[in-house]
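Student: Give me the fold of what follows.
(chains A and B)
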Protein chains: 2
Amino acid sequence: MPKQAILREMGLRDGLQSVATIVPTAAKIEWIRDAYAAGQREIEVGSFVPARLLPQLADTAEVLAFAQTLPGLKASVLVPNMKGAERAMECKAELMLLPLSASHAHSLANLRKTPDDVVAEIVRIRDARDAAGSKTKIEVGISTAFGCTIQGHVPEEEVVRLVQYVLDEGVDSVGLADTVGYADPQQVKRLYEKVLKVTGDKLNCAHFHDTRGLGLANCFAAWEMGITRFDASIGGIGGCPHAPGASGNVATEDVQYMLQSMGVETGQDFDKLIALRGKVAKWLEGEQLHGSVWRAGLPKTMKEQVTA
Amino acid sequence: MPKQAILREMGLRDGLQSVATIVPTAAKIEWIRDAYAAGQREIEVGSFVPARLLPQLADTAEVLAFAQTLPGLKASVLVPNMKGAERAMECKAELMLLPLSASHAHSLANLRKTPDDVVAEIVRIRDARDAAGSKTKIEVGISTAFGCTIQGHVPEEEVVRLVQYVLDEGVDSVGLADTVGYADPQQVKRLYEKVLKVTGDKLNCAHFHDTRGLGLANCFAAWEMGITRFDASIGGIGGCPHAPGASGNVATEDVQYMLQSMGVETGQDFDKLIALRGKVAKWLEGEQLHGSVWRAGLPKTMKEQVTA
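Tutor: You can find the predicted model right below:
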């Protein structure tokens, strides 16, 4: 089994976009500085969407500019369309993440576009990127890959088809996302196995939400399939619009604990993550944080390892 | 992979022994009736320990007597010593669970006995059982099998040795317990693999606490090793004495959701479990309940299955 893994921090984007509180830019910069000091080397810093839609992320360009000053930090941004992609490229983002919903119903409800229309937009973005000679990489995140709150079941063949389609169109990498917390670990193994057959190493990301408590089991299942990059948000922040009080992304510190416990290196420092969680809790005062291990702390067995 | 599994309800014993609230006997009887109506067929109803130590479980004989009126319900009790075993046999309990700590330090601190002294007591209990012609089965639960809050690391060879020892001495079955929430899913697979080699089908129980959020990942790992009996408590009640605010046993309804999601039959009705959780929350007013899926409910994909 893989002995190294990467946790990509989602708190500043997937987390903050789902809470009402607007975290000041200075606090975001402190957050990124602390996350970097805790060993995080991949952070999704925001999203290039209109500020009137997501005022929480209106300062993405400024936050990204700070992140780019930290050596070896891969800062990514989410972009929903050509306009956002243009801003990402102007800002020389290393990676832009383009969501593509595998659920037709979800795609229509959210964007008034079918998944194939979204792929057409992705192709235009890739063309624009190549024409401009931009070095910004494109990752397509297949959302609702494990089921959808509107459509219900999402056919696995449709996920495989869309992944194949965008890779044929020259995007750099793909990820599978369980945006609504529908996945179970057996399904995770089955879908990753199918998708890995068409992607090879161009699929190396698992994005799970812990809405129904299976987030860590799903990460474990993906790790057993050879996946070594996990999206997570500190304190599981963000919640779920369809399930008040439920967790958002799997909590960074919980995934860190599980991997560390299994002897998988992530380069992250557990205590520093917990300290950062405390700061985030203050910045988001009144919002609910999630995750488990922060209450109990590391087991004695792991403290012994750290000391040894 | 196995397509059927059993959830053994621990709430009335492992749960209640760790909370201050004393649930009245009538409420326990209602609890068992509802659990039975929800499809539960294995319930640990209490413990034969001195009432001054655990007043919450002082009515175990009465609760057991009620459980024995329900056809096909396997009611078990925990017994820490010969005195408790005698009471379990008098009450014609179908199964008595004897804990045996694999951690020397924990065993000495808790019982002032080494694990081998505890095995000697187990042998005396088995002798008494056989001499009396009692039909009460003996299951030995190896506690701190994955690590210990006092001792830290617990050697896997010691777990294997103790399991072999008690089986050689004629106990009916064994289980592995992560009483303090130290296990990770890779460790679960490794230890179950080792132990299954000496037990065959006499090991068919996984007892995980969700202290650090890995409870469901650990259940999944055990299920992948062929284990089909899981201890769990409704609402994850009981907490952890070493980690205030943390969960106790994995939550019955979360394990049920995971298994059901993977197409594993347990005979339990999810909605009835959630309704029971609501009652338990009232009986334990002021105590913290845990678990995840109760907030979000079943995903649409599973509701479709139920309707179909």
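
Student: in the stretch 1-150 of chain A, what residue is nearest chain B?
Tutor: In the stretch 1-150 of chain A, the residue found nearest to chain B is residue A:147; the distance is 4.5 Å by Cβ to the nearest Cβ. Bear in mind the C-beta positions are built from the backbone N, C-alpha and C, glycine included.

Student: Look up the closest residue to that residue, ignoring the ones flanking it.
Tutor: residue A:182 (3.4 Å; Cβ to Cβ, 6 or more residues apart in numbering or on different chains).

Student: what about the one you found, is that helix, strand or coil?
Tutor: Secondary structure, DSSP: H, G, I helix; E, B strand; the rest coil: residue A:182 is coil.

Student: circling back to that earlier point, hang on, the residue of the stretch 1-150 of chain A closest to chain B packs against residue A:180?
Tutor: Yes. In this structure, residue A:147 is within contact of residue A:180 by Cβ atoms under 8 Å, at 6.8 Å.

Student: sorry, back to before: and for the residue nearest to residue A:147, the neighbour number?
Tutor: When neighbours are counted by other Cβ atoms under 10 Å in any protein chain shown, residue A:182 registers 27.

Student: Starting from residue B:216, give me the distance back to it.
Tutor: To residue B:216, residue A:182 is 15 Å away according to Cβ to Cβ, to the nearest Å.

Student: List the buried residues for the strand or helix carrying residue A:129?
Tutor: Assigned by DSSP states H and E, residue A:129 belongs to helix A:115-132. Across helix A:115-132, burial judged by 16 or more other Cβ atoms under 10 Å in any protein chain shown covers A:115, A:118, A:119, A:121, A:122, A:123, A:125, A:126, A:129.

Student: can you pull the pLDDT of the fourth one?
Tutor: This means residue A:121. Residue A:121 carries a pLDDT value of 98.

Student: Who's the closest spatial neighbour of the one residue in the stretch 51-200 of chain A that gets nearest to chain B, skipping the chain neighbours?
Tutor: For the stretch 51-200 of chain A, the nearest residue to chain B under the criterion Cβ to the nearest Cβ is residue A:184, separated by 3.8 Å. Of all residues not flanking residue A:184 in the chain, residue B:261 sits nearest, at 3.8 Å (Cβ to Cβ, 6+ apart).

Student: count of neighbours near the one you found?
Tutor: With other Cβ under 10 Å as criterion, residue B:261 counts 23.

Student: I'd like to know how far it sits from residue B:72.
Tutor: 26 Å.

Student: and the residue nearest to residue A:244 when sequence neighbours are not counted, how many neighbours?
Tutor: Computed as Cβ to Cβ, 6+ apart, the closest residue to residue A:244 that is not its neighbour in sequence is residue B:295, at 7.3 Å. Counted by other Cβ under 10 Å, the residues lying close to residue B:295 total 16.

Student: Surely residue B:295 touches residue A:239?
Tutor: No. If you go by Cβ under 8 Å, residue B:295 and residue A:239 don't touch, sitting 10.0 Å apart.

Student: For these two, list the residues in contact with both.
Tutor: Common contact partners of residue B:295 and residue A:239 (Cβ atoms under 8 Å, 6 or more residues apart in numbering or on different chains): A:245, A:246.

Student: which bits of the stretch 51-200 of chain A sit near chain B?
Tutor: A:147-153, A:180-182, A:184-187 (Cβ under 8 Å from any Cβ of the partner chain).

Student: from the residues you listed, which is closest to residue B:244?
Tutor: Distance to residue B:244 across those (Cβ to Cβ) is lowest for residue A:181, with 27.0 Å.

Student: per-residue confidence for the closest one?
Tutor: Residue A:181 is given a pLDDT of 95.

Student: need the contact list for it.
Tutor: Contact analysis of residue A:181 by Cβ under 8 Å, 6+ apart lists A:208-212, A:214-215, A:240, A:243, A:246-247, B:296, B:299.

Student: Which members of those occur in helices, if any?
Tutor: The members of the contacts of residue A:181 that map onto helices under DSSP state H are A:215, B:296.

Student: would you turn the contacts of residue A:181 into a markdown table with distance to residue B:172?
Tutor: Listed next are the contacts of residue A:181 as a markdown table, based on distance: Cβ to Cβ, whole Å:
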| residue | distance to residue B:172 |
| --- | --- |
| A:208 | 40 |
| A:209 | 42 |
| A:210 | 38 |
| A:211 | 40 |
| A:212 | 35 |
| A:214 | 33 |
| A:215 | 37 |
| A:240 | 44 |
| A:243 | 42 |
| A:246 | 41 |
| A:247 | 40 |
| B:296 | 39 |
| B:299 | 39 |
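
Student: Just the buried residues of the contacts of residue A:181.
Tutor: For the contacts of residue A:181, buried by 16+ other Cβ under 10 Å: A:208-212, A:214-215, A:240, A:243, A:246-247, B:296, B:299.

Student: For the stretch 101-250 of chain A, which residue gets nearest to chain B?
Tutor: Closest approach between the stretch 101-250 of chain A and chain B, counting by Cβ to the nearest Cβ: residue A:213, at 2.9 Å.

Student: So for that residue, what's the nearest residue that isn't a sequence neighbour?
Tutor: residue B:292 (2.9 Å).

Student: again, but for residue A:183
Tutor: residue A:146 (3.7 Å).

Student: now that neighbour: how far from residue A:178?
Tutor: Per Cβ to Cβ, residue A:146 is found 4 Å from residue A:178.

Student: Which stretches in chain A count as strands?
Tutor: Counting by DSSP state E, chain A has strands at residues A:6-9, A:42-47, A:74-78, A:95-101, A:137-143, A:173-178, A:203-208, A:229-232.

Student: Could you take those and lay them out as a markdown table, with extra columns for mean pLDDT?
Tutor: Putting the strands of chain A into a markdown table (pLDDT from 0 to 100) gives the following:
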| stretch | mean pLDDT |
| --- | --- |
| strand A:6-9 | 98 |
| strand A:42-47 | 98 |
| strand A:74-78 | 98 |
| strand A:95-101 | 98 |
| strand A:137-143 | 98 |
| strand A:173-178 | 98 |
| strand A:203-208 | 95 |
| strand A:229-232 | 98 |
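
Student: Let me see the contact set for the nearest residue to residue A:264 once chain neighbours are set aside.
Tutor: Counting by Cβ to Cβ, 6+ apart, residue A:5 is the residue found nearest to residue A:264 once chain neighbours are left out, at 5.1 Å. By Cβ under 8 Å, 6+ apart, the residues touching residue A:5 are A:223, A:228, A:229, A:230, A:259, A:264, A:265, A:266.
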